[in-house]
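Structural data only, the sequence is not supplied:
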């Protein structure tokens, strides 16, 4: 497939990875359908770059309107902070709808088109947070963990149709994900329980300290995602990976969790095996 023939559909393009990836793809000659709830934020970029089109159309109309889609990037997400006992049912539902069910609905809507043409690349932007719990942020972590396994499961189901999938799990990047005026929502202080004051105070101070000081550069991150998804540049000649931890902190945190899990398995291996029927019985 020629580079100029690629059409990307990227969600969450108002800022962060979505915006930077749209820029990279357009600069390299691809066409970008930039899905956003705030198209006015892309007006200037769209007016100066004919390869970027901000869209709000219903997803099911995209193949008919634009001909096809080659690469779908599920990027839109936000952080719902606060301890589980304080969270309202509505907050829980919104978190999973945005971070888990919404991305999967997008894939399900476009899969008939991708299956019909026997090609397509799906890129799911997850998080290293899917690998560990975090007091006061478990709704976000759990929504990304659910997305992780559902997306990987989907990948196994659609590979038979020539559809590829890559799960990208970034560490901390300097996007607006932790910006309290943008993509992070904390439990209202009036609704907080006194019993969790220490946890909430720690989270408030940690998120404030993290925001703007993250290790990852989103421009560099978007460049890597583009090249991995298209097997170009640093990924020239490499197959699309099943999993791409993005950022040195992501590789370290994921490796740490894997090591701790293996250690726990070994510690309890003998006791665990006591539940088996005798071999041969």
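Looks like it came in fine. Since the model is a prediction, treat every value here as computed from it, not as a measurement. Numbers count the residues shown, from 1 in each chain.

Residue 115 versus residue 160, what's the distance?
Distance, residue 160 to residue 115, by Cβ to Cβ, to the nearest Å: 9 Å. Every residue, glycine included, has its C-beta placed from N, CA and C.

of the two, who's got more company?
For residue 160 and residue 115, the more surrounded residue by other Cβ atoms under 10 Å is residue 115, and the numbers stand at 15 against 9.

looking at this, the more buried one is in a helix?
Yes: according to DSSP: H, G, I helix; E, B strand; the rest coil, residue 115 belongs to a helix.

ok, it touching residue 163?
Yes: between residue 115 and residue 163 there is a contact at 7.1 Å, judged by Cβ atoms under 8 Å.

Any figure for the gap between residue 13 and residue 55?
9 Å.

Give the residues shared as contacts by the two.
With contacts taken as Cβ atoms under 8 Å, 6 or more residues apart in numbering, residue 13 and residue 55 have 34-36 as neighbours in common.

where exactly do the helices run in the protein?
Counting by DSSP state H, the segments of the chain that form helices are 16-27, 43-48, 62-66, 89-96, 102-117, 138-158, 197-210, 218-230, 248-267, 269-273.

Residue 9 is nearest to which of those?
Evaluated over the helices of the chain, closeness to residue 9 peaks at helix 62-66, with 6.5 Å, by Cβ to Cβ.

So which other helices or strands are in contact with the closest one?
Judged by 3 or more Cβ pairs under 8 Å, 6 or more residues apart in numbering; DSSP states H and E, helix 62-66 is in contact with strand 31-35, helix 102-117.

Turn those into TSV, including mean pLDDT and distance to residue 94.
Shown next, in TSV, are the helices and strands packed on helix 62-66 (pLDDT from 0 to 100; distance: least, Cβ to Cβ, whole Å):
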stretch	mean pLDDT	distance to residue 94
strand 31-35	94	18
helix 102-117	96	10
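
what's the most buried one of the ones you listed?
strand 31-35 (a mean of 25; mean count of other Cβ atoms under 10 Å).

who does that one pair up with?
strand 7-10 (parallel), strand 52-55 (parallel) (DSSP bridges).

Could you export those as TSV, including mean neighbour count?
Listed next are the strands paired with strand 31-35 as TSV, based on neighbours: other Cβ atoms under 10 Å:
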stretch	mean neighbour count
strand 7-10	24
strand 52-55	20
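
Which one of these has the poorest average confidence?
The minimum mean pLDDT among those belongs to strand 52-55 (a mean of 92).

Please list the outside residues in contact with it.
Strand 52-55 has contacts (Cβ under 8 Å, 6+ apart) with 13, 22-23, 26, 31-36, 39, 42-43, 45-46, 62, 66.

Now, of those, which are buried?
Among the contacts of strand 52-55, the ones that count as buried by 16 or more other Cβ atoms under 10 Å are 13, 22-23, 26, 31-36, 39, 42, 45-46, 62.

Could you work out the most separated pair of those?
Spatial extent of these (Cβ to Cβ) is set by the pair 23 and 62 at 20.4 Å.

who wins for proximity to residue 71 among the helices and strands packed on helix 62-66?
strand 31-35 (9.5 Å).

got the phi/psi numbers for residue 247?
Per-residue torsions, residue 247: phi 110, psi 140 (degrees, to the nearest 10).

number of nearby residues for it?
Residues within reach of residue 247, counting by other Cβ under 10 Å, total 21.

for it, what are its contacts?
128, 170-173, 215-216, 221.

Which of the residues you listed fall within strands?
Counting by DSSP state E, those place residue 170 in strands.
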